[in-house]
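Visitor: Pasting the sequence and the predicted coordinates here, then a few questions.
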Number of protein chains: 2
Amino acid sequence: MNISLLTIGDEICIGQIVNTNAAWMAEACAKEGWRVVAHSVVGDDLPQILSEFERLLSLTDIVLITGGLGPTHDDRTKTALLDYLHDSLRLHEPTLEHLKALFQRFGRELSERNAAQALLPASCTPLQNDKGTAAGMWFTLGKTSNEANAEAAEVHGEAGKRHAGKVLVSMPGVPHEMKHLMEERVIPRLRERAVGEEVMLYRTLMTTGIVESSLADLIGDVDAVLEGQELAFLPSASGVKLRITVTAAQRTNAEEMLNRIDERIRSLAGRYIYGVDGASYEALLGQKLREKGLTLAVAESCTGGLLGATLTNMRGSSAYFLGGVQCYSNEAKMSMVGVSPETLRQHGAVSQEVAMELAAGIQARFHADIGVSITGIAGPDGGTPEKPVGTIWVGICAKNQTPFAQKFSTGNDRATNRERAVMAAMQLVYKRVMEE
Amino acid sequence: MNISLLTIGDEICIGQIVNTNAAWMAEACAKEGWRVVAHSVVGDDLPQILSEFERLLSLTDIVLITGGLGPTHDDRTKTALLDYLHDSLRLHEPTLEHLKALFQRFGRELSERNAAQALLPASCTPLQNDKGTAAGMWFTLGKTSNEANAEAAEVHGEAGKRHAGKVLVSMPGVPHEMKHLMEERVIPRLRERAVGEEVMLYRTLMTTGIVESSLADLIGDVDAVLEGQELAFLPSASGVKLRITVTAAQRTNAEEMLNRIDERIRSLAGRYIYGVDGASYEALLGQKLREKGLTLAVAESCTGGLLGATLTNMRGSSAYFLGGVQCYSNEAKMSMVGVSPETLRQHGAVSQEVAMELAAGIQARFHADIGVSITGIAGPDGGTPEKPVGTIWVGICAKNQTPFAQKFSTGNDRATNRERAVMAAMQLVYKRVMEE
């Protein structure tokens, strides 16, 4: 089943907003085994929207549209649908009732402008939006809604004839409304439609600590591993990702193939694989800390809290994350973590010695099993010839043990340096945890 | 000057990567006054790439392509360009020299596969990539490169005739390489080409603390404000954005108009405007703290360091950010910030009282001018009927003053709750700073 995504809206077109909706929808479809073959973005421009309807319906079986459904006059999607499909509006009572209830809940009057959102094209199947005021609309080309008139004559004029049986779905662009409609209304209907269709599934193995060419050498003869399916090497900042793509007539066959290929790759390169399908490193680390019953405290200088913020991205992180100190100033390194003034004076804040004292101090003050520290020059200012921007020291100290610190040199970009420092600190903790 | 963006790559198409390149490029073009009218994403599929070349060249004067230029066989962009433009490869000596120097710098041998990246279509103007191995390629349709054979016969077959004078630019998809090529090579060349063209400029005024309808009431008669230009209201989590769009024959006229409209809107709603064009709230807050010579310390429970990480996104934040404590556990709230066990027992960690003690304690321990605290239930677990998920207390305490705390109720999503808590804390500090 081929799918294309159409995003409508000036904000996306001129770059004010990143099109995260398209990535989310594409991933949701890929998980189901459906092939997303194109994304398209256009502004609130009627002729261009119409021409994209025609092009994308010619290209794919399903066109998923987001955006342009707000109550303001800028929004053109409904007008475009009526025009393209030779349809007209009718009042959809359940949607009006839903809007009334929604506004009552917020203690607000239902304005005329908002009430007009219950006027929907006659031929669509309305998809109730529990999270907002704009209903989703499902059109099967050449057919009226399957709620009423299922046996009625064909509709949608020439477009209905050219693309009979294909599907056009319109959803609002607000991310959580789109996700709700996709999960509760659109994907279940698409599943019914996809029965018997070929399935294409992906799995991505996340590796870290090994470069692309060495990983390729480890895996060796790919043909023996792949059963004629595909493997892509995708380098990224945190490590190389291995994407397996399999195509099969049945979902179960595809899954079995994925599992076999996954297993073969793990038998060759398993120790570099830390998760699948975009799993975060903090999830892996959290799982290991929990398994071993260990607790962690952090002392962060140049990252200002980013390591703690990353670790607590995970629900339930209080089981292993005790907390830490954002020791951005030298004063805080001394008074809050116990670094000695002498060490700071002699070696400077960005040094092996301070990283070790921070790790030992934070471990002791939080009574944690492991203390970890970051001190570095994130930039763009503050570099010197001996300690250029991008110099990062990461320290670690386990209970009753000698602290240890390691130096990393990254680049000139502040945000990247901070992200890499956080990744390096998590990797150091992971290594230590696996030795316990 | 109309521009379209074409992104080539399976990772983007199937949703493994968000298309941040397109947003960055669209924004860069918008700043120049050029109109981006379409984005398109296709996988590494030759026929589809060819058909997008044709469609986008028919639609716009300029097509900017990213992706598909790596050294592996998955990458199809160069093949597609040769095919579409009836061109063939030739060795581009300066690119080969550049590749040799690049590999020498990394202490690596130039492999045959990488050396092949110096083979470029004969009709292009190569754009040297200082950040990587894939050169950019500039094609003026129907013309050979302007380096050599400027007077040569027309090229590019039928496509060259259909789209004579239009421009196709191909760049690698690695974000920092694309940005380098755009900034150093592509935009300067496009500027030459855009001389005399109509200019469309945007400015976005960022507001906070006021809802869309009240803002519209404040601004009142838009026609009097806008001189026939456009204004869009864009609601977002942090506040409503006001986007002004002006079109003029000359850049200077457009800028003057923008300034006049900006001034009129500020005279009506200025106190809600905190910045322009995507300015971050932490930048505004940092600037105000610096102006007033005030320092800040943070105590973070459910955000685990995200407030400090956000404040230290800004270079030079050490001028006002002293640090803080990530008091994720109750033990840390007591031992590291000085919350009394009695208060914790009586009111629980998520309470007005604890938020106030945290703010006062962190202010005192860091000798800061202002202490700010966050304690809440980020979710998805940990909610109770009295304190549901999304209950957040933000506390503040200025030197020698009585602490104060405010409650916010957000939704069920952990990441959103944490972001909103950080925004609420920054707003509370901002308000306090403006009272100094």
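Guide: Arrived safely, thanks for sending. Numbers count the residues shown, from 1 in each chain, chains lettered A, B, ... in the order given.

Visitor: Now do residue A:250 against residue A:404, distance only.
Guide: 52 Å (CB to CB, to the nearest Å). Just so you know, the C-beta spots here come from the backbone N, C-alpha and C atoms, and that holds for glycine as well.

Visitor: can you name the farthest residue from the center of chain A?
Guide: The outermost residue of chain A, judged by C-alpha distance from the chain's mean C-alpha position using CA atoms, centre = their mean, is residue A:342 at 45.5 Å.

Visitor: low-scoring stretches of the stretch 151-300 of chain A, by residue?
Guide: The stretch 151-300 of chain A contains residues with pLDDT under 70 at A:151-153, A:237-238.

Visitor: residue boundaries of the strands in the stretch 51-200 of chain A?
Guide: Residue ranges of the strands in the stretch 51-200 of chain A, as given by DSSP state E, counting those that start in this stretch, are A:62-66, A:89-91, A:119-121, A:125-127, A:136-140, A:167-171, A:199-207.

Visitor: quick one: which of those is nearest chain B?
Guide: Using CB to the nearest CB as the criterion, the shortest distance between chain B and those is 6.6 Å, found for strand A:199-207.

Visitor: CSV for the strands of the stretch 51-200 of chain A, including mean neighbour count and distance to residue B:109?
Guide: Putting the strands of the stretch 51-200 of chain A into CSV (neighbours: other CB atoms under 10 Å in any protein chain shown; distance: least, CB to CB, whole Å) gives the following:
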stretch, mean neighbour count, distance to residue B:109
strand A:62-66, 27, 47
strand A:89-91, 12, 67
strand A:119-121, 21, 63
strand A:125-127, 20, 58
strand A:136-140, 24, 56
strand A:167-171, 25, 52
strand A:199-207, 21, 24
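
Visitor: need the ones you listed in JSON lines with distance to residue A:262, can you?
Guide: JSON lines is the format used below for these (distance: least, CB to CB, whole Å):
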{"stretch": "strand A:62-66", "distance to residue A:262": "29"}
{"stretch": "strand A:89-91", "distance to residue A:262": "50"}
{"stretch": "strand A:119-121", "distance to residue A:262": "45"}
{"stretch": "strand A:125-127", "distance to residue A:262": "36"}
{"stretch": "strand A:136-140", "distance to residue A:262": "36"}
{"stretch": "strand A:167-171", "distance to residue A:262": "33"}
{"stretch": "strand A:199-207", "distance to residue A:262": "6"}
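
Visitor: Compare the ones you listed and give me the one nearest residue B:38.
Guide: strand A:62-66 (14.9 Å; CB to CB).

Visitor: Tell me the helices and strands packed up against the closest one.
Guide: strand A:2-8, helix A:20-32, helix A:46-59, strand A:167-171 (3 or more CB pairs under 8 Å, 6 or more residues apart in numbering or on different chains; DSSP states H and E).

Visitor: Buried deepest among the ones you listed, which one?
Guide: Mean neighbour counts were compared across those using mean count of other CB atoms under 10 Å in any protein chain shown; the top stretch is strand A:167-171, at a mean of 25.

Visitor: Output that strand in PDB with nothing but the alpha carbons.
Guide: These are the backbone C-alpha positions of strand A:167-171, laid out as PDB (Å, rounded to 0.1, in the frame of the first residue of the first chain):
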ATOM      1  CA  VAL A 167      -8.300   7.500  -0.300                       C
ATOM      2  CA  LEU A 168      -7.800  11.100   0.700                       C
ATOM      3  CA  VAL A 169      -7.800  11.900   4.500                       C
ATOM      4  CA  SER A 170      -7.700  15.400   5.900                       C
ATOM      5  CA  MET A 171      -6.500  16.100   9.400                       C
END
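
Visitor: Tell me the helices and strands packed up against it.
Guide: For strand A:167-171, the packing partners by 3+ CB pairs under 8 Å, 6+ apart come out as strand A:62-66, helix A:77-85, strand A:136-140, helix A:175-181.

Visitor: gap between that strand and the chain center?
Guide: Averaging C-alpha coordinates over strand A:167-171 and over its chain gives two centres that are 23 Å apart (CA atoms, centre = their mean, to the nearest Å).

Visitor: got it, and stretch A:287-304?
Guide: Stretch A:287-304 has its average C-alpha position 23 Å from the chain's average C-alpha position, going by CA atoms, centre = their mean.

Visitor: again with stretch A:339-355
Guide: 39 Å.

Visitor: swap in stretch A:77-93?
Guide: When C-alpha coordinates are averaged (CA atoms, centre = their mean), stretch A:77-93 and its chain have centres 33 Å apart.

Visitor: touching chain B at all, that stretch?
Guide: No: in this structure, stretch A:77-93 remains apart from chain B according to CB under 8 Å from any CB of the partner chain; the gap is never smaller than 15.2 Å.
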